[in-house]
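*Asks:* A structural model of the following input is requested.
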Amino acid sequence: MRNVAAHINTIINLAGFFILLSQPVIAQQISKDNYTGEWISPASWVPEWPAPATTVSGFDVSINGYITAEGPLSFSGSAAILKVYDTLVVNGDLLMSNNSQLIIENDGLLIVRGNVSMENQGIISANGYLIVTGNFKKTGSLVQGSFLSNDNPVKVFIGGSLDPDELNDNLNYPVLNCASPLTTPYTNTGCSFGNLTDLLADPVYKFYLATCGKATATVSSPLCEGGTIKLLASEDGISYIWSGPNGFYSYVRDPAIYPATIANSGRYTVTVTFSDGCSPAADVDVIVNQVPNLVISNPSPVCTPLTVNLKDASITSGSTPDLTFSYWSNPEATSAYTTPETATGGIYYIKGTAVSGCSIFKPVIVTVTPVPDVSITSSSNAMCLNDKKTLTGYPEGGSFAVISGPGIISGNVLTASGKGDVKISYTYSGVCTGTATQTVHYFDSPVSAPGPDQVLRNIFETQMNARLSAYQLGEWTLVSGPGQISDIHSPIAKITGLEIGESIFRWKVLLGSCESDDEVRITVLELFIPSVITPNGDGKNDLFTVYSLNGHAELIILNRWGMTEYSNYDYHNEWDGRNNKGSDLPDDTYMYILKFESGLVKKGTVLIKR
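*Replies:* Coordinates of the predicted model:
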């Protein structure tokens, strides 16, 4: 058989021929010689078949390489001839409709993993190998059509049944003859053709196995002591045989071993028998890992509002090294505890997971003793240097102190000794001690910082960039020109409704009884679009640069005849006088169209001059 050895030992890669997709369908399709590929791949055919059809009508198909069809094929019409010179594997049914022909040449091999149907006046010439794992069916008048071979014994093997049975005695179908075979009959069928059992003794059987589907064997993971080993095999087999360590044996497709032990580790093999007689095997290595040791020491009690860091190494000291810890709110480990660094009182659960993926799960108890709910109830509003502040705290009976900053406390009265932040504390002591803090800022006077003046090109909205220190209040007002302020109290307020020209905005800052203001000028200029570019590589005016280009924009360049030379739906000032194919455009005047995401459209001309 031509090139069988090559299919088994070598994967041949040949360069393809490229054919335009608009080429009309020709009278026949020919697969590449000495080439391995898929039926539906255009590259399998010479010339390339842009859209390989699995339903063929009115033209011939010749197989010169090793072609695989992952699904059914059908041929119809008097001009539909399937010629197999090399190897064709059909993983599905094959239909030869009225007047169609199947010709397997002397060195050809056709494997059909499914049924073969031949309609009225069909012709099969099996001068090479024909292996059918399913049934052979003939429709229409029995005396019309033929099934012939020039071999003795014939190289035809049918795994299923014949329908109708009368084909066995029909002179037009000597390949199917069982009553009085004209050729040497096969042992198991007694007919001119053999079945899949007869195929076992044929030299082609080894190559037939090489075209079988592959068995798969997988195992659930991770595998830990005490868990369940779940072995998984191919889904489409008809029988399974598993073997493994410790004399393990099973005929179940997906057997389970429970409880798993270290002794269950090793290689497991499954042999899968498919309906086409193939029985490939597959291996999977199973490793059962040891469950780690997790030691939990409950943390020492703390007073609220303190919390406990469950990630502290002392809590899990003595556990198996290099564990990865996770934290949970319930014993079922279905609700993750997302703040283990700041655990409050209660029972939590720590899961320790080893590198192998095996884990162990134990509770940890966090004890938190309540502390007084201490607060400073006087306001923290900023003040001027000439102000004094009377402090109040809760619960009554605590004491105030200056932690930092230019401040002096006498009893519960705070006086500033300079400008800046004064941080104070209020402490109340009971069984547990509670402390609250507050920061008061003292200013000479507030300073208005409205941000820099802005110059915009063809942009009619912007954002302010004022600064507002802590405890300050700010307010925008429009002094002159057009514009609307989105939030008059926000230092980064959005400004809309601008127009070409100048608008002035005032930013007033208040701090207690102190205030200050300053102004921002926003100037809107028209968009600048160049009328000439000189893309000669000297770094000057090489690009079509739009000032200032903000946001999404689309650029289209048209020649003097209205044809599109260049287009970019997300333009960022990169056009250098080339067309969409990357070629330099000749010096000339071109029309541009700029479309902005705001809906604005700009049109004009640009001269390319190198």
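
*Asks:* Which parts of the stretch 401-550 of the chain are helices?
*Replies:* Counting by DSSP state H, counting those that start in this stretch, the stretch 401-550 of the chain forms no helices at all.

*Asks:* which stretches of it aren't confidently modelled?
*Replies:* 431, 512-513, 548-550 (pLDDT under 70).

*Asks:* my hunch is that Asp198 is in a helix, does that hold up?
*Replies:* Yes - counting by DSSP: H, G, I helix; E, B strand; the rest coil, Asp198 is part of a helix.

*Asks:* so Ala343 touches Leu310, yeah?
*Replies:* Yes - assessed by Cβ atoms under 8 Å, Ala343 is found in contact with Leu310 at 5.0 Å. Bear in mind the C-beta positions are built from the backbone N, C-alpha and C, glycine included.

*Asks:* who touches both of the two?
*Replies:* Tyr337, Val366 (Cβ atoms under 8 Å, 6 or more residues apart in numbering).

*Asks:* how many neighbours does the closest residue in space to Arg578 that isn't next to it in sequence have?
*Replies:* Nearest non-adjacent residue to Arg578, counting by Cβ to Cβ, 6 or more residues apart in numbering: Asp584, 5.6 Å away. Other residues near Asp584 come to 12 when the count uses other Cβ atoms under 10 Å.

*Asks:* how is this protein carved up into domains?
*Replies:* Per automatic domain parsing, the structural domains of the chain span 4-210, 217-286, 302-369, 375-443, 454-525, 532-608.

*Asks:* Turn those into JSON lines, including distance to Pro292.
*Replies:* JSON lines is the format used below for the domains of the chain (distance: least, Cβ to Cβ, whole Å):
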{"stretch": "domain 4-210", "distance to Pro292": "45"}
{"stretch": "domain 217-286", "distance to Pro292": "9"}
{"stretch": "domain 302-369", "distance to Pro292": "4"}
{"stretch": "domain 375-443", "distance to Pro292": "38"}
{"stretch": "domain 454-525", "distance to Pro292": "50"}
{"stretch": "domain 532-608", "distance to Pro292": "53"}
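
*Asks:* wait, which of these is closest to Val295?
*Replies:* domain 302-369 (3.8 Å; Cβ to Cβ).

*Asks:* Looking at the domains of the chain, which is nearest to Ile296?
*Replies:* Ile296 lies closest, by Cβ to Cβ, to one member of the domains of the chain: domain 302-369, at 4.8 Å.

*Asks:* rewinding a little: what's near enough to touch the residue nearest to Arg578?
*Replies:* The contact partners of Asp584, by Cβ under 8 Å, 6+ apart, come to Pro535, Gly577, Arg578, Arg610.

*Asks:* From the residues you listed, list just the buried residues.
*Replies:* Neighbour-count burial (16 or more other Cβ atoms under 10 Å) applied to these gives Pro535, Gly577.

*Asks:* Which two among the contacts of Asp584 are spaced furthest apart?
*Replies:* Spatial extent of those (Cβ to Cβ) is set by the pair Arg578 and Arg610 at 11.7 Å.

*Asks:* residues shared between the contacts of the two?
*Replies:* Common neighbours of Arg578 and Arg610 (Cβ under 8 Å, 6+ apart) are Pro535, Asp584.

*Asks:* residue contacts, the nearest residue to Gly244 once chain neighbours are set aside?
*Replies:* Leaving out its chain neighbours, the residue that sits closest to Gly244 by Cβ to Cβ, 6+ apart is Tyr268, at 3.8 Å. Applying Cβ under 8 Å, 6+ apart to Tyr268 gives the contacts Ala217, Val219, Leu231, Trp242, Ser243, Gly244, Pro245, Phe248, Asp283, Val284, Asp285, Val286.

*Asks:* Let's have the residues you listed in a markdown table, adding secondary structure and neighbour count.
*Replies:* Formatted as a markdown table, the contacts of Tyr268 follow (DSSP: H, G, I helix; E, B strand; the rest coil; neighbours: other Cβ atoms under 10 Å):
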| residue | secondary structure | neighbour count |
| --- | --- | --- |
| Ala217 | strand | 21 |
| Val219 | strand | 15 |
| Leu231 | strand | 23 |
| Trp242 | strand | 21 |
| Ser243 | strand | 14 |
| Gly244 | strand | 22 |
| Pro245 | helix | 13 |
| Phe248 | strand | 17 |
| Asp283 | strand | 11 |
| Val284 | strand | 17 |
| Asp285 | strand | 10 |
| Val286 | strand | 20 |
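
*Asks:* Wait, Pro164 touches Thr139, no?
*Replies:* No - between Pro164 and Thr139 there is no contact under Cβ under 8 Å: 9.2 Å.

*Asks:* Can you pull the residues that touch both of these two?
*Replies:* With the criterion set as Cβ under 8 Å, 6+ apart, the contacts of Pro164 and Thr139 do not overlap.

*Asks:* When those two are compared, which one has more neighbours?
*Replies:* Thr139 (15 against 11).

*Asks:* ranges for the strands of the stretch 251-400 of the chain?
*Replies:* Counting by DSSP state E, counting those that start in this stretch, the segments of the stretch 251-400 of the chain that form strands are 256-257, 266-273, 281-286, 302-303, 324-328, 346-353, 359-366, 368-369, 375-376, 383-384, 388-390, 393-394, 399-404.
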